[in-house]
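Chemist: 3D model of this:
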Amino acid sequence: MYTHPKLAAFTARLEALFHEVDADLEELWGGSFPLHPNRPFRGETWNPEMDGLFEIAPDFTVGAGSERGRGYIVSLRVATLDKVSAEQYAYLMDLAAALMRKKLSLFFPERRLEVVRDGPRFKIIGDFSLGEA
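Modeler: A predicted model of the protein is given here:
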């Protein structure tokens with residue numbers, strides 16, 4: 001399957017942003033819950049989404065039925081068998097969104113992107129254009 005080089009470059013920077021936010025969450029809250037028994041410890045895989053307590057990833061949506069339109073929904077999973085309360089989860093999502101807001105312009109200085117709430121979730125919205133062909 002062909003992927004446009006500019007889209008591949010954008011996706012790589014977006015993944016790097018999410019990996020850095022994952023590392024920050026692990027550093028701050030990685031010991032707050034016991035790790036799921038089948039989950040590798042932090043740093044044991046090549047992809048931070050696959051190890052450690054947190055899995056944070058972008059999921060593109062065209063925004064049908066959304067207040068904010070197209071963008072990347074921020075998905076967060078806590079890999080534990082313990083009960084994560086709604087308040088704890090909301091705190092972790094708020095923290096992840098704040099970390100993304102702080103770092104977004106560092107990863108994408110040439111774009112106008114922002115992290116906003118879209119219903120119950122956070123989403124990255126803004127300029128996703130690929131520029132001139």
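
Chemist: surely Glu55 meets Asn47?
Modeler: No: Glu55 is beyond contact range of Asn47, at 9.5 Å (criterion: C-beta atoms under 8 Å). Placement of C-beta: from N, CA and C, glycine included.

Chemist: ok, the two, which is more surrounded?
Modeler: Comparing Glu55 with Asn47 by other C-beta atoms under 10 Å, the one with more neighbours is Glu55, at 19 against 11.

Chemist: And the strands in this structure?
Modeler: Here the chain has its strands, by DSSP state E, at 54-61, 71-78, 113-118, 121-126.

Chemist: Could you check how far the residue nearest in space to the middle of the chain is from Ala8?
Modeler: Central residue of the chain (C-alpha atoms, centre = their mean): Ala57, 3.9 Å from the mean position. For Ala57, the distance to Ala8 equals 17 Å [C-beta to C-beta, to the nearest Å].

Chemist: same thing with Gln88?
Modeler: Taking C-beta to C-beta, one finds Gln88 at 36 Å from Ala8.

Chemist: Who has more neighbours out of those two?
Modeler: Here Gln88 and Ala8 are compared on neighbour count by other C-beta under 10 Å; more neighbours surround Gln88, at 15 against 10.

Chemist: pLDDT at that one, what is it?
Modeler: You'll see Gln88 listed with a pLDDT of 96.

Chemist: Could you list the low-pLDDT ranges of this structure?
Modeler: For the chain, applying pLDDT under 70 flags the ranges 132-133.

Chemist: Format the strands of the chain as a markdown table; extra columns: distance to Leu35.
Modeler: Listed next are the strands of the chain as a markdown table, based on distance: least, C-beta to C-beta, whole Å:
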| stretch | distance to Leu35 |
| --- | --- |
| strand 54-61 | 10 |
| strand 71-78 | 10 |
| strand 113-118 | 27 |
| strand 121-126 | 24 |
